[in-house]
Every structure is written in structure tokens, then in C-alpha cells.
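Q: quick one, what's the 3D model for this:
(one chain, ligands or ions: 1)
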Amino acid sequence: MKRSYRFLLNIAIIVGAIVVIVLYLTQKNIIKNANVGLLLAEMLLTVFFILFIIRWLIMEPIKIIADSIKKARSGGDAFSIPDLRANILFRPLINEILNITDSLFEARRSASEEARLRLLKSESPWTASRLQEFVKSILKGRTIFVVSNREPYIHIKQGNQITYYEPASGMVTAIEPMIAATGGLWIAHGSGDADRLTVDKKDKLPVPPVEPKYTLKRIWLTPEEEKGFYYGFANEGIWPLCHMAHTRPIFRKEDWKEYQVVNGKFARSLLTEMKDVYRPIVLVQDFHFSLLPRMIKKSRPDALIGLFWHIPWPNAEAFSICPWREDILDGILGADLIGFHTQLHCNNFIDTVGHELESLVNKEQFTITRSSHQSKIKSFPISIPLNNNNKEMKTITLHDLGITTPYMGLGVDRLDYTKGIMERLNAVELFFKKNPSYKEKFTFVQIAAPSRSIIPEYQKIAKDVEEKVAEINRKVAVNGWKPVILLERHHSHKEINDYYQLANVCLVTSLHDGMNLVAKEFVWARKDKQGVLILSQFTGASRELKDALIINPYNTEELSDAIEKGLTMGRAEQKKRMDKMREKVMSNNVYRWSAEFLKELISLE
Ligand code: ADQ
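A: Sure, this is the predicted structure:
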């Protein structure tokens, strides 16, 4: 209920209560009829006077103080507090709060100075504050604009309430910590059913909702646009085109039309936002916006544009089946910097452009010049933020998660056919066949976030996974123990982290994956340096995390043997491998990724 309604309701209840009491006292003859009106008026006046005192002299200043403290806590200043200094009632409290906020600002100033000094020493790991300092020093106040399809916070209705969640998206996992550190504007599709209810007149809102650090601007798509642009061209066309997962891409002319329309829609919104910004920096995310860099560059040649392609880039021959390949490549080449996760994807992109477009390709510098504009192609292996999850350790047990066996295996994915979930389940089934002694000792948990569910291929993979899990459980289960638990819903980062911390083996078995952040999240969650990562050779992550058990997901025998090897690996060996992988994740974290991408982009001016 709104606060104003609640306030009115309270007043009505109080007035009602007074009337009832007075009538009761009159009836009992404790007070005379003649005095009733006067008494009622006096009581009401007194109550309203007290309410007035509480609301305006106590509640209102407390609210101002609370808002100021919140502002100070999230990095703003607390200057609204001194306005209340004249308030005799609160003066001592305000003076104390001002002392505390002064100390807080001082601590922040020295942390910032420390971070600036650490910046000079290249061996220290990248953190959010180090990135902030770095960005300040290289961007000198210039504004960052991020454009992506998926938004970082989705507002939804839950009964009468509005709530929000962070979507299961590797792109969001990686980009959010960067813009939270740098500030700026993030433009994305508003896809939640309560999204429109939470924005201002300009379709904007400050986020993260708890402690705002940047602005999110939502773009609204019609059902036709969403169907053609997102489900159609992006996810039934480009996604399978770029992943070697043997799902045939579908290219429809109508989808292509909507893809162009939506790229234009985002470009117009971005141009409006950048109207008064000199030399803006634009960071375009992913395969949904291949046409956007050229559209922006045409109108704003002064804009510095970086595009990061979060998925693999296929070889030239595979890419040549796309009917609109030239438009896509030309669109991408509007960017000044084009980033991929691995050098192989950069090589594939350069080759593709060489095959398809009239342009000057420099394979030594990794640059492509087209219509006198030069684009640099470079690999930037993306990563995760380093959250301090020490506090979350050892707070849960397998039992808390409903697991009754001493060993647990884990898979965490969007329900996507590229993630190799079926291959993983086949290997789990074979594992039990070859190692029956693990019955009632080992449970495999698959956490799967529903994804792109209106696309037939995604409905099929969801159904196949459900049927396979049911089949394994039918064949292998004994005495009420279930070998596989399928949790087919979105989970919070905290929930996933609980599973990461307890898994004996984590299976990342993608058939093809640009990077795969689950692998890195698992490693970073293991502060105890235990647990074994089983990792597909077809992920970008396998180039860095070489101390995982690297497998070919198409080889069921090898994968099932890796589960057995992981479960029997000694603690010392687990620690040795985890140490090395954690070292990698620590030094190549997402703050470093952001810093390197921005540094390269700025160097191109
Ligand atoms: P994705 O294909 O989305 O990313 P990935 O990198 O594994 O894949 O990231 C998935 C993210 O979603 C992780 O942060 C994970 O924790 C989260 N997640 C998974 N299942 C979830 C669930 N059930 N509930 C809630 N969250 C869940 C794309 C590319 C990748 C690339 C990233 C970043 O396909 O190759 O690594 O972008 O560039």
C-alpha cells in the first residue's frame, strides 16, 4: 500500500477509535451527553497535534537524515544534513553523523589515492576501485555508453508487489561490474512485465536498485520486433551460425528486416542521448547489434566505438552461408575496436572479411581498413568480478541443499543446446554403469535457467533434458535416492555460489562457447581450494584454465572417466590445480578485461 494511503488509514482508525471510546463512556454515563461534542473536539485536536509533531518534527527529519546517510554510503555527499542543524532536537545526532561521514570521505579519499598508487605497480590485481581510478585517469570525465539487448535488472510483478532479478547472462555478469565502476548510461531492451512501471518519463532509472551507480535506459520493442530481431535473426540465425553445435541457422527475410529496424531504433536512442556529449565512448555488446557501429559512426564520426562479440566467430566458409553477411560485416567495421575472446576468433574474423568485403586487411597489425576507416581486431578474454565470498563459506551443507549423498556433481547453464547438457547427462549415466558403487553416494545436480523458450530448438532441448533426467532416474535410482536432480529455474548468484562451494566436480561441457564464465565462477568460489573442474576443450576458458580436467564433450567415455577421476582425486592434487586456476582468475579478472579494452580503445584516437 502507498505510504500516503497508509497514513490516511491510520488517521481514520484513530478517529474511529476516539469516537467509539467517547460513545462508550457516554453510554456508561461516565461523561454527560452535553460534554460529548466538546470532549470529542478536544481529543481530536490533541491527537492531531501529536501526529503533527511526530510526522513533521520527528519522522521527516529522520527521513532526510536516512536519505543523506544512504547517499554518503553510496559515494555521494551528505550536504543536505547541515540544513537540519538548526533543529535543536537533532543537532547532537547530526553533528555526530557529520563527523562519521567526514571520516568516511577521508577513508575513501585515501583508498582512492592508494588505488591510484597501486595502479602504477602492475603486479597488484585489478579491483573495482583500481578500475575506477584507471578510468578517471584515461577518460578524464568522458561518458561511457553501453548498448546491449539484455538489461542488467529485470523488474517483474509478483502478486501486488514489484520485484527484480539479474538475468542469467554471461554478458551481464561481465559488463555490470565495469559500468558500476565507471558510471555512465546503459541502453537495453526493457523485457520485464513491470519494467515500464519502474522508469521515469525518459524511460530511465538509477541502478543497481539497492545502491545506484549508473543509469539504465530501457528501449521498448513491439512483439513483432522482439520476435524477428531477438528470437528470429539473432537467436535462430546468428547464434547457431557462430556456434559449431550442429544446429542449422535459420535466416528469414522478415527477421532480417526487424533486426535492421531494431538496430536503427537503438541507434536513434543512443544518438539522442549523446547529442550534447563531446567525443562519447560507446561500448556495443554482442551479436544483436552488428549493424549499430556503422549507424552510429555515420552520424557521429567523433564517437569512439568498441564492439565486443561475446560468442565465437566461425571460419570464413561457415560464415558465408549468411545471406546478409556483407551488411553484417560492414556494420561491425563501423567500430574502432572489435574484441573477441580468443585469438582464433580474431583470425576467423579477419579471414571472413578478407573473403567477403572489399577492404585492406593488415594481418600483422590486425587492422582492417574500409572506406578510409580503420578498425583494430584484438582478443580480450573476458572474466568475472572478484567478489569477496569469504563470508558465504561453510554456511551451508549438502544436507541443506537436500542432497543426502557424500558426493555431488554440478552443472550450471542456461538451457541452451550449445552447453552440451545432453552429452553431460549421457556421461553421468555411463559413469553409474561403470561405477555402480557410487549409487547412493553421488548425486548430480543440474541447475538450468530457462532461456529463449519460444524457439522450437530450445523447447526441444528442454524436453530432451527433462526426459533424459527422468530416464536416468528411472534406470539408476534405488531406495529413494535420485542420481540426478534437475533444478529448472533461475537462481540468484548467492544460491549458485552455495552449490559451487559444495560440488566435488563441476561439469562445463559446452559443444562450443566463446568463454564460459561458469568455469571461472566455480574456481573463484572455491576459497577452500577443493573441487575439480571438468572443462570442455571447446570453451574459450579452456585456453586459460589448463589445470582443469580438459575433455571432449562428444567423447562420452572420456567424460565419464573424468567424473570418476575427479571424485577420486586426492586433496593435495585438487589444491594444486585449484591454486593455479585461482591465480589465473585472480589476475585475469573482469576489471582487468575492462581496463585493457578501454585502454586499447582510447589508444586508437
Ligand atoms: P552465456 O552463454 O550466457 O554467455 P556463460 O559465460 O556461462 O554463458 O555465463 C552464464 C552466466 O549465467 C553465469 O554468470 C552463470 O552464473 C549464470 N547462470 C547460469 N545458469 C543460471 C541459472 N540457472 N540461474 C541464474 N544464473 C545462471 C555469453 C557467451 C559466453 C561468454 C559470456 C561472456 O555465450 O561464451 O562467456 O557471454 O562473454
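
Q: need the pLDDT of the residue in the stretch 301-450 of the chain positioned nearest to the ligand.
A: Relative to the ligand, the nearest point of the stretch 301-450 of the chain is residue 449 (3.2 Å; CB to the nearest ligand atom). No exception for glycine: its C-beta is placed from N, CA and C like everyone else's. pLDDT, residue 449: 96.

Q: what residues are bridge-paired with it?
A: Residue 449 has these beta-bridge partners by DSSP bridges: residue 414.

Q: would you mind listing what in the stretch 251-400 of the chain touches the ligand?
A: Contact residues (CB under 6 Å from any ligand atom) of the stretch 251-400 of the chain with the ligand: 310, 311, 382.

Q: quick one: the second one from residue 510, how far?
A: Read it as residue 311. 11 Å (CB to CB, to the nearest Å).

Q: quick check: nearest residue in space to the residue of the stretch 101-250 of the chain found nearest the ligand, chain neighbours excluded?
A: Closest residue of the stretch 101-250 of the chain to the ligand, CB to the nearest ligand atom: residue 170 (2.3 Å). Nearest non-adjacent residue to residue 170, counting by CB to CB, 6 or more residues apart in numbering: residue 517, 4.7 Å away.

Q: any weak-confidence spans in this structure?
A: Applying pLDDT under 70 to the chain flags the ranges 1-7, 31-34, 74-86, 105-106, 109-123, 388-395.

Q: can you rerun that using 80?
A: Applying pLDDT under 80 to the chain flags residues 1-11, 14-15, 18-19, 22-44, 47-48, 51-61, 63-124, 387-395.

Q: with neighbour numbers in mind, choose between residue 311 and residue 510.
A: residue 510 (29 against 23; other CB atoms under 10 Å).

Q: dihedrals phi and psi, the more buried one?
A: Dihedral pair for residue 510: phi -50, psi 140, per degrees, to the nearest 10.

Q: could you report the neighbour count for the residue nearest to residue 170?
A: 25.

Q: go on, residue 36?
A: 15.

Q: find the nearest non-adjacent residue to it, please.
A: Going by CB to CB, 6+ apart, residue 36 has residue 26 as its nearest residue, at 5.5 Å.

Q: surely that neighbour and residue 20 touch.
A: No - look at residue 26 against residue 20 with CB atoms under 8 Å: they stay out of range, at 10.8 Å.

Q: between the two, which one's more packed in?
A: Using other CB under 10 Å as the criterion, residue 26 and residue 20 rank with residue 26 on top: 16 against 10.

Q: where does the closest residue in space to residue 604 that isn't next to it in sequence fall, phi/psi-wise?
A: Once flanking residues are discounted, residue 604 sits nearest to residue 336: 4.9 Å by CB to CB, 6+ apart. When read as degrees, to the nearest 10, the backbone of residue 336 gives phi -80, psi -30.

Q: okay, now residue 336: neighbour count?
A: Residue 336: 24 surrounding residues under other CB under 10 Å.

Q: can you tell me how far it sits from residue 409?
A: From residue 336 to residue 409 the distance is 44 Å (CB to CB).

Q: what of residue 443?
A: 7 Å.
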